[in-house]
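**Q** mind folding the following:
(chains A, B, C and D)
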Protein chains: 2
Amino acid sequence: MTPSAQSAQPRRSDATRAAILRAARERFAADGYERATIRAIAADAQIDPSMVMRYYGSKEGLFAAAAEFDLRLPDLTSVPPARLGEVLVRHFLARWEGDETLVALLRAASTNPGAAERMRGIFADQLTAAVAAFGTDRALTARRAGLVASQVLGLAFTRYIVRLPPMVDTAPDELVAWIAPTLQRYLTGTPPS
Amino acid sequence: MTPSAQSAQPRRSDATRAAILRAARERFAADGYERATIRAIAADAQIDPSMVMRYYGSKEGLFAAAAEFDLRLPDLTSVPPARLGEVLVRHFLARWEGDETLVALLRAASTNPGAAERMRGIFADQLTAAVAAFGTDRALTARRAGLVASQVLGLAFTRYIVRLPPMVDTAPDELVAWIAPTLQRYLTGTPPS
DNA sequence: AACCGTTGCCAACATCTGTTGGCAAACATG
DNA sequence: CATGTTTGCCAACAGATGTTGGCAACGGTT
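**A** Numbering: from 1, shown residues only, chains lettered A, B, ... in the order given. All right, here's what the predicted structure looks like:
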């Protein structure tokens, strides 16, 4: 993300690189992995398709770069325990509406094994880590995180991908009110026998 | 589905048609719409690619035929009201494990507009109809159905598509125990202000 | 000014895609 | 048997796709 992590001096082509990445995210989000063609991405970025190859190696490499994503989950230990669910849904909704990277990842994960692997990594690592902050049983923690992921990804899938009318039309606040108790129970509820 | 609805006599090519449809469902489920090529489907069915075109017109036509699906939702009015959630999750899980058509539809819906439209139709029509059986407020009914869809599709997405380990490893009965209360509340819970 | 790495474009490649038309064999019908 | 229809395969087309190599222009360094 930050342009000069290992390469000390910024290159002259950083603008081009960024334009490609932005166009790639848009196309991947709108069309999915296979329908988003390098030519179309290059056209959006107003450069030649061969530049995409030079800077990102391959289509897979481009996607890997475009799908870099940090959920930026808050520290759940500093959240009032009773409001965990609400904070989480609200955070996810905001994160989703503000950055199309997640939609790109979601669309691509359905058909591209690499994208699915990336998605697994994000939710297994970041979400599980956040949930683990207030639980000791590792298997139970993983299960709680998985359940939260199932509801949150289902929300995203129905709202941004399939676009089910009731899920698209409902205001974020009302969605939060409905879904928060679900996450709350997945996070803190007593596990079934 | 039934081979002789309008055409009185069964054709000699019915076996071929069925083989194509079966192979198509498998490929669409495994690879998604764009990666499932007509050539691969034809190879699986052990016939020539051109036969697919003759019998189903186009790739879209083939998908439309392969993605025909009935949720076979039970009549919710004859279910004990307190067990609505449990019955629903269990039904969906069984339906999903037993028929790969839904997985095909789910994968394809991410990238193919026609598949998304089909998915919208299935959940808007069949699920909303089932939910409408015990509610009068139409907007609220649609919202309840949408919420149920979000959790059920999220379950399917994480378990069958992304294959999040905790969602794959957890036994169906335990998933039911966790998720049933969620659907129960979406179906019968008091709506937020 | 001479030099060299960078940036960019053009043209082309090999391959794969959905799709089409024609032709031979199998079958059914008179 | 003769006729028409159905089933199947082969070969091919037109277009799109990821990817590559070469070549000109630019920019900084010595």
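**Q** show me chain A divided up by domain.
**A** Dividing chain A into domains by automatic domain parsing, as the record does, gives the ranges A:14-66, A:76-188.
**Q** TSV for those domains, including distance to B:Ile41?
**A** Any C-beta I mention is one placed from the backbone N, CA and C, and that applies to glycine too. As requested, the domains of chain A are exported to TSV (distance: least, Cβ to Cβ, whole Å):
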stretch	distance to B:Ile41
domain A:14-66	16
domain A:76-188	16
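**Q** residue of chain A nearest chain B, please.
**A** With Cβ to the nearest Cβ, the shortest gap between chain A and chain B falls at A:Gly154, namely 2.0 Å.
**Q** next one: the nearest residue to that residue once chain neighbours are set aside from A:Val131, what distance?
**A** Leaving out its chain neighbours, the residue that sits closest to A:Gly154 by Cβ to Cβ, 6 or more residues apart in numbering or on different chains is B:Gly154, at 2.0 Å. The spacing between B:Gly154 and A:Val131, counted by Cβ to Cβ, to the nearest Å, is 17 Å.
**Q** mean confidence for the helix or strand where A:Phe92 lies?
**A** For A:Phe92, the element it lies in under DSSP states H and E is helix A:84-98. Confidence over helix A:84-98 (mean pLDDT, whole number) is 96.
**Q** before we move on, what about stretch A:186-193?
**A** Predicted confidence along stretch A:186-193 averages 93 (mean pLDDT).
**Q** from memory the residue nearest to A:Gly154 sits against A:Arg159, does it?
**A** No. B:Gly154 is beyond contact range of A:Arg159, at 11.0 Å (criterion: Cβ atoms under 8 Å).
**Q** next to DNA strand D, which bits of chain A? Give me the list.
**A** Taking Cβ under 7 Å from any atom of the strand as the test, the list of chain A residues beside DNA strand D reads A:12, A:36-40, A:49-50, A:52-53, A:58-60.
**Q** just the buried ones out of those residues, please.
**A** Using 16 or more other Cβ atoms under 10 Å in any protein chain shown as the burial test, those include A:36, A:38, A:40, A:52, A:59 as buried.
**Q** could you dump the residues you listed into TSV with secondary structure and distance to DNA strand C added?
**A** TSV is the format used below for those (DSSP: H, G, I helix; E, B strand; the rest coil; distance: Cβ to the nearest atom of the strand, whole Å):
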residue	secondary structure	distance to DNA strand C
A:Ala36	coil	15
A:Ile38	helix	10
A:Ala40	helix	14
A:Val52	helix	10
A:Lys59	helix	13
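**Q** ok, back up a step: same list, the residues of chain A next to DNA strand D, but as TSV with distance to B:Val87 and pLDDT please.
**A** Shown next, in TSV, are those (distance: Cβ to Cβ, whole Å; pLDDT from 0 to 100):
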residue	distance to B:Val87	pLDDT
A:Arg12	63	79
A:Ala36	41	98
A:Thr37	45	98
A:Ile38	48	98
A:Arg39	50	98
A:Ala40	46	98
A:Pro49	53	98
A:Ser50	57	97
A:Val52	51	98
A:Met53	53	98
A:Ser58	48	97
A:Lys59	45	98
A:Glu60	43	97
